[in-house]
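Undergrad: okay, here's the prediction I keep looking at, along with the sequence it came from:
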Protein chains: 2
Amino acid sequence: MGIFSKTCEYAIRAVFFIAHRTAKGGRVGIKEIASGINSPEHFLAKILQDLSRKNIIRSIKGPNGGFYMDDATLKRRLSEVVEAVDGNSLFTGCGLGLVYCSEINPCPLHNEFKGIRARIYEMLQNTTIEAFNEDLNLGITSLKK
Amino acid sequence: MGIFSKTCEYAIRAVFFIAHRTAKGGRVGIKEIASGINSPEHFLAKILQDLSRKNIIRSIKGPNGGFYMDDATLKRRLSEVVEAVDGNSLFTGCGLGLVYCSEINPCPLHNEFKGIRARIYEMLQNTTIEAFNEDLNLGITSLKK
DNA sequence: TAATTAAAAGATGTTTTTGTCTTTTAATTT
DNA sequence: AAATTAAAAGACAAAAACATCTTTTAATTA
């Protein structure tokens, strides 16, 4: 198990892929996205439907339809994608799963985790989707295999 | 979903509980541990069996038996507990779940995650189980509810 | 050495996550 | 308007995670 759920991993990879692929206009279909990020097509379709409903990405049906991103969605932060899929427990939850863990009633790892959680949030919060396009363009980073 | 699996959360809480409860000798039974950390008894039993096999904790059967920790197990690092239960993917895996992600073929979040992973590992690596006893003794931290 | 205690082990059940397949709806194109 | 395209939606299936219950084994105590 990683930091994100499998669903969330697919979501992030797909959003990066769509942003990169449609930066200069156009749409991209689910088949191309799924093969482009190495994910199960129909499962990813569900995820993207959800992200579309939540305005993280855009979609349009019919010929020449597909998924894409406009100025507004390109400006979204990675934290919004993660939160849309996995909720905010990564940013707010107790490391040991204790519901009543808090500043007043901390678990043994409370303070240690505070820093880590903050760092994760900061990283996801400080970068917009489009910020990753350039490296993908240059082939510096990769989304597959 | 948190950073650790539910199994791992129970494991860490139980190990802290056992360490704290048997620091001055003696054993503690599964029932007391389960209720002490608010976890399902039989499920926890499986987890502790596994930890015992892996020498993270000690156990002994029969009257006056139970789980306990000796000098060697008290010196174990939190990272060893986590690795025993969840494996090392938290410390080594790609944030986006890409098998071939590496320094040479990095995913878009590779460098961002490197720092976070290192920080998590460092924290889990730098603390022994017994290090958490004092705060528990003083009632500063809590393992329940 | 028989009874008792408590963990180990085995079998089984439930829920959540992940994945697949089919049908429907909304666009576009001819 | 009919045909075509592609996402949306719904139903279903497999795998993994989480949980429970029962039986067995290894100690201790009387």
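TA: It's in. Every value quoted in this text rests on a predicted model; they were computed, and no experiment measured them.

Undergrad: just the helices from chain A, written as ranges.
TA: In chain A, the helices defined using DSSP state H lie at A:6-21, A:30-37, A:41-53, A:71-74, A:78-86, A:89-92, A:110-125, A:133-137.

Undergrad: got TSV for those, with distance to residue A:61 too?
TA: C-beta here means a position set from N, CA and C on the backbone, and glycine is covered the same way. Listed next are the helices of chain A as TSV, based on distance: least, C-beta to C-beta, whole Å:
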stretch	distance to residue A:61
helix A:6-21	16
helix A:30-37	11
helix A:41-53	11
helix A:71-74	17
helix A:78-86	21
helix A:89-92	33
helix A:110-125	31
helix A:133-137	26
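
Undergrad: tell me which of these is the most buried.
TA: Highest mean neighbour count of those: helix A:6-21, a mean of 23 (counted as mean count of other C-beta atoms under 10 Å in any protein chain shown).

Undergrad: so which other helices or strands are in contact with that helix?
TA: In this structure, helix A:6-21 makes packing contacts with helix A:30-37, helix A:41-53, helix A:78-86, helix A:133-137, judged by 3 or more C-beta pairs under 8 Å, 6 or more residues apart in numbering or on different chains; DSSP states H and E.

Undergrad: minimum distance to residue B:7: which of those helices has it?
TA: Of all the helices and strands packed on helix A:6-21, helix A:78-86 sits nearest to residue B:7, with 18.6 Å by C-beta to C-beta.

Undergrad: now do the contacts for the residue nearest to residue A:29 when sequence neighbours are not counted.
TA: In this structure, residue A:29 finds its nearest non-sequential neighbour in residue A:66, 4.5 Å apart by C-beta to C-beta, 6 or more residues apart in numbering or on different chains. When the contact criterion is C-beta atoms under 8 Å, 6 or more residues apart in numbering or on different chains, the partners of residue A:66 are A:26, A:27, A:28, A:29, A:30, A:59, A:60.

Undergrad: out of those, which are buried?
TA: With neighbours counted by 16 or more other C-beta atoms under 10 Å in any protein chain shown, the contacts of residue A:66 contain buried members at A:27, A:28, A:30, A:59.

Undergrad: ok so, going back, which two of the contacts of residue A:66 have the greatest separation?
TA: Taking every pair in these and measuring C-beta to C-beta, the maximum separation is 14.6 Å, between A:26 and A:30.

Undergrad: hmm, residue A:11 and residue A:39 touching each other?
TA: No - between residue A:39 and residue A:11 there is no contact, the gap being 9.6 Å when judged by C-beta atoms under 8 Å.

Undergrad: among the contacts of residue A:66, name the ones in strands.
TA: Assigned to strands by DSSP state E, the following of the contacts of residue A:66 qualify: A:59, A:60.

Undergrad: and of the contacts of residue A:66, the nearest to chain B?
TA: Taking C-beta to the nearest C-beta as the measure, chain B lies nearest residue A:28 of the contacts of residue A:66, at 17.2 Å.

Undergrad: quick one: contacts for the closest one?
TA: Under the contact definition (C-beta under 8 Å, 6+ apart), the residues listed for residue A:28 are A:17, A:18, A:21, A:22, A:66, A:67, A:68.

Undergrad: would TSV of those residues with pLDDT be doable?
TA: Converted to TSV, these look like this (pLDDT from 0 to 100):
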residue	pLDDT
A:17	98
A:18	98
A:21	96
A:22	97
A:66	98
A:67	98
A:68	98
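
Undergrad: for these, which one is nearest chain B?
TA: For chain B, the closest of the contacts of residue A:28 turns out to be residue A:17, at 10.1 Å, with distances computed as C-beta to the nearest C-beta.

Undergrad: quick check: the closest one touching residue A:33?
TA: Yes - with contact defined as C-beta under 8 Å, residue A:17 and residue A:33 form a contacting pair (5.6 Å).

Undergrad: so residue A:8 sits right up against residue A:86, yeah?
TA: Yes - under the criterion of C-beta under 8 Å, residue A:8 is in contact with residue A:86, at a separation of 4.7 Å.
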